[in-house]
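>>> Requesting a structural model of the entry that follows:
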Amino acid sequence: MRGCLFVLVLGVALLAGVAWYGSQPIATAAIGALLGSSGFHAASSTITATADPPPRLLLGHADRISVTGSDVDWRALHADHLVLTLDGVDLLSRTADSIQGSVQGASLDDSNGGTAAKASSIKFAGPADAATTTVVVTPDAVRDVIVATAAQQFGIQISDVRLIAPDRLQLVTSLATLEGRLTIDGNGALALDTRLGSIPILSIDPSLPLRLGSVAVIDGALHLTGTLDAEALLRG
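Model prediction:
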């Protein structure tokens, strides 16, 4: 009888130890699989998950999940380096209370098959389903996108592109200089409004749930502001 009781107590202790100390690596593996199913791929990545008490991770609940990755492809987003932190996470429903993070050396696919927009940085913070996001695009990257778009859609050769605060853009051709106001149109795409009409510049591929809301020229660079639905991104 004492032998059976000892075995039972030992078994309970082992299970408790696994639940307490083994929950973190088990949860990390599950999070990696979840990210992979959402389209996340990285040459190298690190995932950490914490909960108090740790066994909550086995039930799919994490107080915080942190992810870092290099050479990342995540649907329409491609990046040299990505860092993100999710708080109040339910792994089973793929929801979270909040998110914050940054992306360096990024490019965003155009939904119309145009030239991808290269961003020097992307920062986001706020509710996981509507995080305020700022995309910074350098003047050279703006020029590359506009020159390629103008040639592809209108057969126009652009010799120079000038960003002018707070929201103006000049397109220089061999015949004339066209100036207009940068806006976000009703479809959430970056466009140039001129006296001749609206010229579309960039429409982010919808596989990345980033909705642009405003645009401004700050310190010579283009700043695009919008909201990121990270929960939709995680659901795949």
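
>>> where does the chain have low pLDDT?
Where the chain drops to pLDDT under 70, the residues are 1-23, 151-155.

>>> same thing but 80
In the prediction, the chain carries residues with pLDDT under 80 at positions 1-24, 27, 112-115, 148-156, 196-197, 236.

>>> how about the helices in it?
Along the chain, counting by DSSP state H, helices occupy 2-21, 23-37, 139-154, 230-235.

>>> Could you measure from the spatially most central residue of the chain over to residue 109?
The centroid of the chain falls nearest to residue 77 when counting by CA atoms, centre = their mean (6.4 Å). From residue 77 across to residue 109, the span is 8 Å (CB to CB, to the nearest Å). Any C-beta I mention is one placed from the backbone N, CA and C, and that applies to glycine too.

>>> what do these two both touch?
With CB atoms under 8 Å, 6 or more residues apart in numbering applied, the overlap between the contact sets of residue 77 and residue 109 consists of residue 208.

>>> Run a quick neighbour tally on residue 143.
16 (other CB atoms under 10 Å).

>>> Just give the nearest non-adjacent residue to residue 44, would you?
Once flanking residues are discounted, residue 44 sits nearest to residue 70: 5.0 Å by CB to CB, 6 or more residues apart in numbering.

>>> Surely that neighbour touches residue 103?
No. In terms of CB atoms under 8 Å, residue 70 does not count as a neighbour of residue 103; the distance is 11.4 Å.

>>> okay, the two: which has more neighbours?
When neighbours are counted by other CB under 10 Å, residue 70 and residue 103 differ, and residue 103 comes out ahead with 25 against 15.

>>> ok, that one touching residue 121?
Yes. The pair residue 103 and residue 121 qualifies as a contact (CB under 8 Å) at a distance of 6.8 Å.

>>> tell me the contacts of residue 182?
The contact partners of residue 182, taken as CB under 8 Å, 6+ apart, are 167, 168, 169, 190, 191, 192, 193, 201, 215, 217, 222.

>>> The residues you listed into TSV, with extra columns for neighbour count and distance to residue 45?
Converted to TSV, the contacts of residue 182 look like this (neighbours: other CB atoms under 10 Å; distance: CB to CB, whole Å):
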residue	neighbour count	distance to residue 45
167	18	37
168	14	40
169	23	37
190	24	30
191	21	35
192	22	38
193	15	41
201	25	32
215	22	32
217	19	34
222	25	29
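
>>> where along this protein do the strands fall?
Using DSSP state E, the strands assigned to the chain run over residues 40-50, 61-74, 77-90, 95-108, 117-127, 131-137, 160-164, 168-172, 177-184, 190-194, 197-202, 210-218, 221-228.

>>> Including distance to residue 145, could the ones you listed go into TSV?
Supplementary listing: the strands of the chain in TSV, determined by distance: least, CB to CB, whole Å:
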stretch	distance to residue 145
strand 40-50	24
strand 61-74	20
strand 77-90	15
strand 95-108	10
strand 117-127	5
strand 131-137	8
strand 160-164	9
strand 168-172	11
strand 177-184	12
strand 190-194	9
strand 197-202	6
strand 210-218	13
strand 221-228	10
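
>>> re the thing from before, who does the residue nearest to residue 44 bridge with?
As for beta bridges, residue 70 partners with residue 44, residue 81 under DSSP bridges.
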